[in-house]
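K.L.:
need a 3D model of the sequence below.
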Amino acid sequence: MNNQNIISCFELNSVYLKTIPIICIAVFYSCTQLTSEEKLIKNSLGKTVDISMFQYIQERNKEISFNEFRKKYDFIYLVYLRDGCASCYPKYLEWQDQMSKLELNNNFMVLFIIQGVKFEDFLKSIANSDRKYDDPFNHFCVVMDPKQRFLKKNQAIDQWIINKSVLVDSENRVKLIGSPFASERMRQLFYQICEQ
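P.N.:
Numbering: from 1, shown residues only. I've put the predicted structure just below:
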């Protein structure tokens, strides 16, 4: 076999190896039945989330306009919580702790959308539920939603999906569902999306 034939065989093998994963994915999805949860997730990806009902966002210890906030960040993780919900307080703390361990770039932010009246009351409830909590400063952005406008404007997206937390792009399209620290695969997907 001469060098030209060897190169041709190598190029053919290279093309073949690149198409195998695509074929495997297509076969996997065509031969398996999706669960109802998987269908819900698949149908929710790409949907647009409306967050324009908020005029101001609390960014750490200052208030900024929603427009300024939206121009600043290309990717936003929307984490929906409720004041008075016992399981929401540990979730808030977990997001604060876990996100500080990720390598984040400047075009990303977490927005906590809290169904409640005052953020201070939410923090007091956290302090009451977790005696170790002593950080009064939020590392991410917060908006209070006492009238549940967020849920009312986004009825096309199942509340189960909203409760899982969603990553949206600059056009508010759902790119990822679930926290980026839930698994190594989710972490890699999160990085891959935010680096595009």
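K.L.:
so what touches stretch 139-157?
P.N.:
Contacting residues not belonging to stretch 139-157 are listed as 44, 47, 49-51, 53-54, 56-60, 69, 80, 95-96, 99-100, 109-119, 159, 162, 166, 174 [CB atoms under 8 Å, 6 or more residues apart in numbering]. (Each C-beta comes from the backbone N, C-alpha and C, glycine too.)
K.L.:
so what pairs up with the nearest residue to Gly46 once chain neighbours are set aside in the strands?
P.N.:
Excluding the flanking residues, the one nearest Gly46 by CB to CB, 6 or more residues apart in numbering is Arg173, at 5.6 Å. According to DSSP bridges, the residues that bridge with Arg173 are Thr48.
K.L.:
Arg173: neighbour count?
P.N.:
By other CB atoms under 10 Å, 14 other residues sit near Arg173.
K.L.:
quick check: it vs Asn128, distance?
P.N.:
When CB to CB, to the nearest Å is applied, the distance between Arg173 and Asn128 equals 38 Å.
K.L.:
same check on Val174?
P.N.:
From Val174 over to Asn128 the distance is 34 Å, taken as CB to CB.
K.L.:
more neighbours: which of the two?
P.N.:
Val174 (20 against 10).
K.L.:
contacts only, for that one.
P.N.:
Here Val174 is in contact with 44-49, 157, 161, 166-168 (CB under 8 Å, 6+ apart).
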